[in-house]
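J.: any chance you could fold what I've pasted below:
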Amino acid sequence: MKHEDQINQQTEEEVSNLDTESDDSVEFEAENSGFEPEVTAEEARIAELEKQLEESSQRLLRVQADYDNFRRRTREEQAASLKYKSMSLIEQLLPALDNFERALQFESDNEQTANLLSGMSMVYRQIQEACKNEGLEQIDTIGQTFDPNLHQAVMQVEDESFEKNTVVEELQKGYRLKDRVVRPAMVKVNA
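T.: Take a look at the predicted model:
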């Protein structure tokens, strides 16, 4: 019996220990029941901060791309500005060049007039050379296929010695500055 009493006592102690452990776990759960929502709130806060970080990173990338595009456009505009810096001056000089050409077509037997024309011819060549150094070139016309980007057709004629849609006569010279047309050539075109 003594042995039975011992077993009963051990069993009671184990049951008591289980009750205590069960009470401890209930107490632990009760104490820490507010802990789980805090973790969830912290996780939500972390997720929100990660989202804000991603949005900020995307915004930064867009701003950097915009800035790079701005710098590229600015460089291109500066290069174009330098390339065509003389465009305005050339446009203003073209009527004077036209008038020089008309004046130089005048023929005279008078020695004084011939000397004057010779001097004008030298000045005209100097102006042409200066314009050429800036990149001005005359647009080819006679015998060329009509190109509306380079030629302005003011008349149409029928001439069997030229192919159809070919420039047969130049009425006013056209010019281009580097790769940009300053003034299209006025031409007669074979119809």
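
J.: on the three-state scheme, the residue nearest the centre of the chain is what?
T.: For the chain, residue 73 is the residue whose C-alpha lies nearest the centre (CA atoms, centre = their mean; 5.1 Å). Under DSSP: H, G, I helix; E, B strand; the rest coil, the three-state class of residue 73 is helix.

J.: mind checking how far it is from residue 67?
T.: Remark: distance between residue 73 and residue 67 (CB to CB, to the nearest Å) = 11 Å. Bear in mind the C-beta positions are built from the backbone N, C-alpha and C, glycine included.

J.: next: residue 134.
T.: When distance is defined by CB to CB, residue 134 is 34 Å away from residue 67.

J.: more crowded one of the two?
T.: Neighbours around residue 134 and residue 67, counted as other CB atoms under 10 Å, are more numerous at residue 134. The numbers are 15 against 10.

J.: show me the contacts for the more buried one.
T.: If a contact means CB atoms under 8 Å, 6 or more residues apart in numbering, then residue 134 has 86, 90, 177 as its contacts.

J.: beta partners for the nearest residue in space to residue 191 that is not next to it in sequence?
T.: On the basis of CB to CB, 6 or more residues apart in numbering, the spatially nearest residue to residue 191 that is not a chain neighbour turns out to be residue 156, at 4.2 Å. Residue 156 forms beta bridges with residue 189, as assigned by DSSP bridges.

J.: lowest average confidence, helix or strand, in the chain?
T.: helix 2-32 (a mean of 59; mean pLDDT, DSSP states H and E).

J.: quick check: residue 158 touching residue 168?
T.: No. Taking contact to mean CB atoms under 8 Å, the distance of 9.6 Å between residue 158 and residue 168 leaves them out of contact.
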